[in-house]
Structures are given as structure tokens and as C-alpha cells.
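Engineer: everything below, folded, please.
(one chain, ligands or ions: 2)
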Amino acid sequence: MKKIAFTNQKGGVGKTTTTVNVGAGLSLMGKKVLVIDLDPQANLTYSLKMRTSKLEKTVYDVLKGDVEARDAIMTHGSFDLMPSSLELSGAELELANEPARECLLRDAIDVLYEYDYILIDCPPNLGLLTLNAFTAVEEVIIVLQSEYLALHGLSKLMNVIEVVQKRLNSSLEVAGIICTLYDSRKNLNREVVGHIRDHFGSKVFKTVIRDNVALAEAPSHHKTIFEYDDASNGAKDYFALAKEIRNGH
Ligand SMILES: Nc1ncnc2c1ncn2[C@@H]1O[C@H](COP(=O)(O)OP(=O)(O)O)[C@@H](O)[C@H]1O
Ligand SMILES: [Mg+2]
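Structural biologist: Ligands and ions are numbered 1, 2, ... in the order given. Take a look at the predicted model:
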């Protein structure tokens, strides 16, 4: 069992796309996968159209301690999802006075021993929800857009990871860095990825996720890239990335 958080405090860099499609890729390889949507914007949940009624339980109910983790899990094709909802945006404040408030997710999902992988889609900030993700996992994968200023803000993220390593989760490590939204026609994209490789060496995955319109279209059809267009570059790239992750990058 491996738990991995996909993170970057910037929005729009490809975290949600990466979490859902790496999860789908690993499940196609026969792994049992749970994907947790920890973003109050619930993009991952909506991209799979998993929330159909208010009665369904979400990660918000789990963090509040109102339901067991297992009762907030639903199935999409070959993998499972713990959905999010807008209510989660109140969690930062509501949970602020809970004892061990950074450990709520870790303790709640500790019982889910049946999964090979639990993948967490982080919100675009470094608040309490992200701290819960970093405390619950062994590995963080940083998602970077292959664009100017990709590395901007990264030292802040690294600081937070170090603090969590010291105080909350000594087994946490940065397992890899994935470059997304890559357009090989743009010199700048190539330069940025080169710069990221110079900076982080072998931490950077060999696979680069290309800019691919099918990846942007799939969510509106409530499909993973493999369900939407198995022959697309997006499907090829995410399958290659899932393989690298499975092989222990
Ligand atoms: N490789 C890609 N090619 C084309 N569009 C992409 C790609 N990755 C993500 N997108 C689109 O870019 C937007 C932001 O991606 P998303 O995964 O939601 O980022 P984040 O979770 O970091 O905010 C979404 O509309 C998504 O569909
Ligand atoms: Mg997102």
C-alpha cells in the first residue's frame, strides 16, 4: 500500500488531471486504487460526476468524524473515489480547534488496508487540508506546469514539507516532480523543463505530460482519459507516468 499526495499551491497546473488519470492508469494495471478529492472546489469529483445527491457522504463528513472513511467511498469504473463538496471550504475554520487537527485524514484512512494506492488531490493552497494530506501520506509528488514561473513559490512548498517531516510525519518524502501542460513547439516550455531537470535531477519523472486537448475535454464527459480517448497523447503520457510510479520512480 502506498499513499501519495499530488500538490502545488498554484491552481491550474494539472494536479486534478494528474491524480485522476494516474489513478485510472494504475487501476488499468490491476492495482486497487482509491482517489481522494481533498479540494473544496471538488473538480475531481465533478469531472467524474460522482456527486449525484446531497445524501452522499464526502471527505468533509469523514474529517469531521461524522462517518467512517469506508462509508464515503464510491466506485467509478475500475477505481474508487472519496468525493469532495463545497462544504469542505468551511473545514479549515471548523476544524481549527480540533486536537491533532493535522492528523484527521491520516487517522480516518488508516483502516483502508485493501488498497494498493491511495492518491490525494490537494487544494491550491498550503492550509490545513494540505497539511492533512502531507500527514497522511508517505510520498508527495509535485505537479509543475512547464511554464515561466513554474518554480516560483516552490521554496515555500518545500519549507512546509520540511516542517511536516519534522513535526508530523517523519516518513514523508518528495517522491517525484511531474511537468505538465508541455508544448514542445514552445522554446520556453523546453527551457523550463530543462531548468527543472537541472535543478531536481532524477527526482523529475522521465515522462512529461504534453498539452493535449483530450485531457481538457474528458472531464466534461465525466470520463478519465482512458475512457474518453485511449489513443490520445494524454492517455499515452498518463499511462507512462503511472508505470513510472508503479515501478517506484
Ligand atoms: N496536459 C493537459 N493538456 C491540456 N489541458 C490540460 C492538461 N492538464 C490539465 N489540463 C486542463 O487545465 C485545467 C487545469 O487543470 P487541473 O488538473 O484542474 O489543475 P489543478 O488541479 O492544478 O488546478 C483544466 O481545465 C484541465 O482540464
Ligand atoms: Mg484541482
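Engineer: interface residues of this structure facing ligand 2?
Structural biologist: Near ligand 2, the residues belonging to the chain are 15-16, 43 when assessed by Cβ under 5 Å from the ion. Quick note: C-beta positions are derived from backbone N, CA and C, even for glycine.
Engineer: hmm, what's the outermost residue in this structure?
Structural biologist: In the chain, the residue that sits farthest from the middle, by Cα atoms, centre = their mean, is residue 187; the gap is 28.0 Å.
Engineer: if I look at it, how far off is ligand 1?
Structural biologist: Residue 187 sits 18 Å away from ligand 1, going by Cβ to the nearest ligand atom, to the nearest Å.
Engineer: my read is that residue 246 contacts residue 31, right?
Structural biologist: Yes. Because the distance of 7.1 Å satisfies Cβ atoms under 8 Å, residue 246 is recorded as touching residue 31.
Engineer: what about the strands in the protein?
Structural biologist: Per DSSP state E, the chain has strands spanning 2-7, 33-37, 74-76, 79-82, 117-121, 139-145, 173-180. These are given in chain order.
Engineer: highest average neighbour count across those strands?
Structural biologist: Per-residue neighbour counts averaged over each of the strands of the chain give the maximum for strand 33-37, namely a mean of 28 (mean count of other Cβ atoms under 10 Å).
Engineer: for the residue farthest from the centre of the chain, give me the pLDDT.
Structural biologist: According to the per-residue confidence, residue 187 scores 89 in pLDDT.
Engineer: which residue does the chain bring closest to ligand 2?
Structural biologist: Of all residues in the chain, the one sitting closest to ligand 2 is residue 16 (3.3 Å; Cβ to the ion).
Engineer: hmm, residue 67 and residue 73 touching each other?
Structural biologist: No. Taking Cβ under 8 Å as the definition, residue 73 is not a contact partner of residue 67, at 10.2 Å.
Engineer: more neighbours: which of those two?
Structural biologist: Between residue 73 and residue 67, counted using other Cβ atoms under 10 Å, the more crowded position is residue 73 (20 against 16).
Engineer: contacts only, for the more buried one.
Structural biologist: By Cβ atoms under 8 Å, 6 or more residues apart in numbering, the contact set of residue 73 is 34, 80-82.
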